[in-house]
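1. have a look; sequence and predicted model below, questions after that.
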Amino acid sequence: MTGASGPRTGLPAMRRFDPKRLWALVRKESLQAIRDPSTLLIAFALPVVLLLLFSYAVSLDVRAVRIGVVQESGSASAQSLAAAFAGTRYLDVTFAHDRREVAERVVSGSLRGFVVIPQDFEQRLAARGAQPLVQIIADGSQPNTANYVANYAQGVVQNWRGGLDGEIPRAAVTMEPRYWFNAELESRRALVPGAIAIVMTIIGTMLTALVVAREWERGTMEAVLSTPASVAEILIGKLLPYFALGMLATLGATTLAVFVFGVPLRGSLAALLLLSATFMVPALGQGLLISSVTRNQFLAAQIALFSGFLPAFMLSGFLYEIDAMPAPIRAITWLIPARYFVASLKTVFLAGDIWAILLPNLLAMAVIGLLLFLLAKRATRKNLE
Amino acid sequence: MARHNGYLSITRLRAQFIKEVLSILRDPRSRMIVFVPPLLQLLVFAFAATLEVRNIDIAVHNQDAGRWSHELVTRLDRADFITQVHRVTDSQELRRLIDQGKVIAALDIQPDFSRAIAAGDTGRVQLLVDGRRSNSGQITASYLSAIAAEVGAEANAGTGPATPVAVRNWFNPNLTYRWFIVPGLSGILAFFSALLITSLSIARERELGTFDQLLVSPTSTPEIIISKSLPALVIGTMLGLLMMAAAAGPFQIPFNGSFGLLLVSLILFILSVVGIGLMISAISATQQQAILGAFAIGVPSVLMSGFATPVENMPMLLQWLAQAIPLTHFLIIVEGSFLKAMTPGDILASLWPLALIALVSLTMATIFVRGRLQ
């Protein structure tokens, strides 16, 4: 690495790659990593917690939305419609006779919306579609839930009216949706790849940035660099344990996802490991770059948070659809390695080894990783001069 | 072995406070890192975080030569959430486009589509959706079904009933996702900043060995707690206020609530985060442990707070657990203040849990720090 640029003052000229020395360095760094309980917390406890949360807590599948039903009309058909609302398992209904009672509860957030069955419900029903039958008010401060409230409530009214008499004409056009790869539409299946990407980002970028920044902060980096070990050996020695830790965390998370949470792994384990190993390249490169530039643990943590962790969470496409973002933001996502990782993981878990998707993603991660390593190398050299 | 002779001394506190602020803001790079990235993140994430569906590609395999399939495809071409409609000539191609993620959904229109509609029967369209994108897939399917229903209504002109319901969305009539995201993001970014700053505060001194110097100084535990809390409290509150100003200003999100109450809530919120950060810091021996500890607490907190997905979708046990997270309560207050014009009574209902969490976490932090001092 430094051989080409010739011997420099303060650095020994003999810089040959020595496997034994590398092994010693790897051993030393591994012991250092494993002895720290916080490393184990992040590598093994956090994946378990994240998988648990993604399986049970983070759910876009709305169940039992709390809504109110205001019965302004007491007629028989109004009561039958109210009963239809009470019988839906997707809605948790509170009944009222005055809309003011439920309106306050929508403001306070204890209800997500309400349905008004108006006083002139019978007349509206007799008018046969000339006027809307009921009014639905949804709490727009949570847009996703508001959509569910409107759709479910509309579905209840349509079903109820359809069952009223057979004269309502059938829909002239119907869509029959079939969901591939995830027929049960469990959001946990789509979220598990996100959990793996987040843990790998924390291990690869955050942990590495901290560990190397600490060496710079304390001045021990210069000390290590002045030993006969070459820069490449030192960096590989530092990074290899975290690479191994990341792969172990991925394996653990996958085992848990498949055997405990019932997420299918339709692709091969080899493809999964290849993807994870490739993702570790940009993740470690970013960590290294951050540490060389900041040389301070506080700064390194802040930058790793804002350039590594949060983008992996928000811009990788595991929670928020990249297609729906405005063009400038979509352009930014091309620079986020987690984006390629999440897209490939979703395919490997739910669809299979579709190389037409995996290869471009592997290539993109490798290219970003190499760029980051080159930048990190330049930053390291600058620090020494 | 109590070392605090003289309980709270203002002079000592002032000196400590100045020292703590300097240790964070002395370095110009730190000054920038504390304030600039969160504001940039707010800008980027405000536009990135959306559960709407836009700019998608779909594929159509039209086996029907009649009028109604033509009508359907024309409407798909005109739909503004679709960027491109790929027309394909066999079902294999349809399958391939979905497999490779080129399209999110594919329509297979059956040969008898128009004939069935003309005969007064139902024209069927098979819709294949990419389940890897489960949430946006479902939303796409509902958008496409709405278009199908429009075609159906035109085919049955006169007999087709109007939709049986009238929908109104309170607080956010067009369901703009940004109105939900931006106030919440201001809470999350302030949360992470305050948590990182405090969790590092004591751990840094322990790693550098300067904490031992505190042991031999006349400083009392409450003084240490206060001097370690104040910088993060000031920085966190300022960040929160800056981001809320951005939400109400450039983002033009309606602010309907009481600013005074929101400010009180923000301060209590940051205080409770500071308490948690100090607890982490007191346990940690190194900065690395402190930061990783902050993440082990911070990431699950964000996931369970109701920002990513609503708290009420979670199982009861986790819903109770979510009540112990300061962010959960602050999100209710900040969303309520911005969009809903929540009544002071409703705000108070979320404010007292914040006060309780702040009290408990700061007390625990004092106990932990005292344990370190002895």
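-> Good, I have the coordinates. Keep in mind it's a predicted model, so treat the numbers as computed, not measured. Residues are numbered from 1 along each chain as shown, chains lettered A, B, ... in the order given.

2. next, residue B:235: secondary structure please.
-> At residue B:235, secondary structure determined by DSSP: H, G, I helix; E, B strand; the rest coil is helix.

3. apologies, that question was intended for residue A:367.
-> Looking at residue A:367 with three-state DSSP, the answer is helix.

4. from chain B, how far out is it?
-> From residue A:367 over to chain B the distance is 20 Å, taken as CB to the nearest CB, to the nearest Å. In short, each C-beta sits where N, CA and C put it, glycine included.

5. report pLDDT for that residue.
-> We have a pLDDT of 96 for residue A:367.

6. likewise for residue B:80?
-> 87.

7. with residue A:203 instead?
-> 85.

8. give me every residue that touches residue B:143.
-> B:53, B:79, B:81 (CB atoms under 8 Å, 6 or more residues apart in numbering or on different chains).

9. just send these back as a markdown table, with secondary structure too.
-> Listed next are these as a markdown table, based on three-state DSSP:
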| residue | secondary structure |
| --- | --- |
| B:53 | coil |
| B:79 | coil |
| B:81 | coil |
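
10. quick one: low-confidence ranges for the stretch 251-374 of chain B?
-> Across the stretch 251-374 of chain B, the ranges flagged by pLDDT under 70 are B:374.

11. which of the contacts of residue B:143 are close to chain A?
-> Checked against chain A using CB under 8 Å from any CB of the partner chain, the contacts of residue B:143 yield the following neighbours: residue B:53.

12. which one of the contacts of residue B:143 is nearest to chain A?
-> residue B:53 (5.7 Å; CB to the nearest CB).

13. and the closest residue in space to that closest one that isn't next to it in sequence, how many neighbours does it have?
-> Spatial nearest neighbour of residue B:53, chain neighbours left out: residue B:139 (4.6 Å); criterion: CB to CB, 6 or more residues apart in numbering or on different chains. Residues lying near residue B:139 (other CB atoms under 10 Å in any protein chain shown) number 21.

14. contacts for stretch A:340-359?
-> A:180-182, A:189-190, A:192-194, A:196-197, A:200, A:257, A:263-268, A:271-272, A:275-276, A:279, A:316-318, A:360-362, A:364-365, B:99-101, B:131-133.

15. mind giving me the domain ranges of chain A?
-> A:19-58+A:186-384, A:65-164 (automatic domain parsing).

16. give me whichever of the ones you listed is most buried.
-> Most buried of the domains of chain A by mean neighbour count (mean count of other CB atoms under 10 Å in any protein chain shown) is domain A:19-58+A:186-384; its value is a mean of 20.

17. state the phi and psi torsions of the residue nearest to residue B:53.
-> phi -70, psi -40 (degrees, to the nearest 10).

18. let me see the contact set for the nearest residue to residue A:283 once chain neighbours are set aside.
-> Leaving aside its chain neighbours, residue A:283 sits nearest to residue A:204 (2.7 Å; criterion: CB to CB, 6+ apart). Shown in contact with residue A:204 (CB under 8 Å, 6+ apart): A:242, A:243, A:246, A:279, A:280, A:283, A:284, A:286, A:287.

19. picking that back up, the residue nearest to residue B:53 contacts residue B:56, doesn't it?
-> No - checked against CB atoms under 8 Å, the pair residue B:139 and residue B:56 is beyond contact range at 9.8 Å.

20. show me the strands in chain A, by range?
-> A:65-71, A:91-96, A:113-117, A:134-139, A:173-180 (DSSP state E).

21. how far away is residue A:269 from residue B:329?
-> To residue B:329, residue A:269 is 43 Å away according to CB to CB, to the nearest Å.

22. got it, and residue B:316?
-> For residue B:316, the distance to residue B:329 - CB to CB - is 18 Å.

23. looking at these two, which is more packed in?
-> Neighbour tally, residue B:316 and residue B:329, criterion other CB under 10 Å: the higher count belongs to residue B:329, 29 against 7.

24. could you dump stretch A:297-312 to PDB, C-alpha only?
-> The C-alpha trace of stretch A:297-312 is given here as PDB (Å, rounded to 0.1, in the frame of the first residue of the first chain):
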ATOM      1  CA  GLN A 297     -16.000   9.800  19.100                       C
ATOM      2  CA  PHE A 298     -18.700  12.300  19.700                       C
ATOM      3  CA  LEU A 299     -18.500  13.700  16.100                       C
ATOM      4  CA  ALA A 300     -18.200  10.200  14.700                       C
ATOM      5  CA  ALA A 301     -21.300   9.100  16.500                       C
ATOM      6  CA  GLN A 302     -23.300  12.100  15.400                       C
ATOM      7  CA  ILE A 303     -22.200  11.800  11.800                       C
ATOM      8  CA  ALA A 304     -22.700   8.000  11.700                       C
ATOM      9  CA  LEU A 305     -26.200   8.600  13.100                       C
ATOM     10  CA  PHE A 306     -27.200  11.100  10.500                       C
ATOM     11  CA  SER A 307     -25.300   9.700   7.500                       C
ATOM     12  CA  GLY A 308     -25.600   6.000   8.200                       C
ATOM     13  CA  PHE A 309     -28.400   4.900  10.600                       C
ATOM     14  CA  LEU A 310     -31.200   7.400   9.800                       C
ATOM     15  CA  PRO A 311     -30.900   7.100   6.000                       C
ATOM     16  CA  ALA A 312     -30.900   3.300   6.400                       C
END
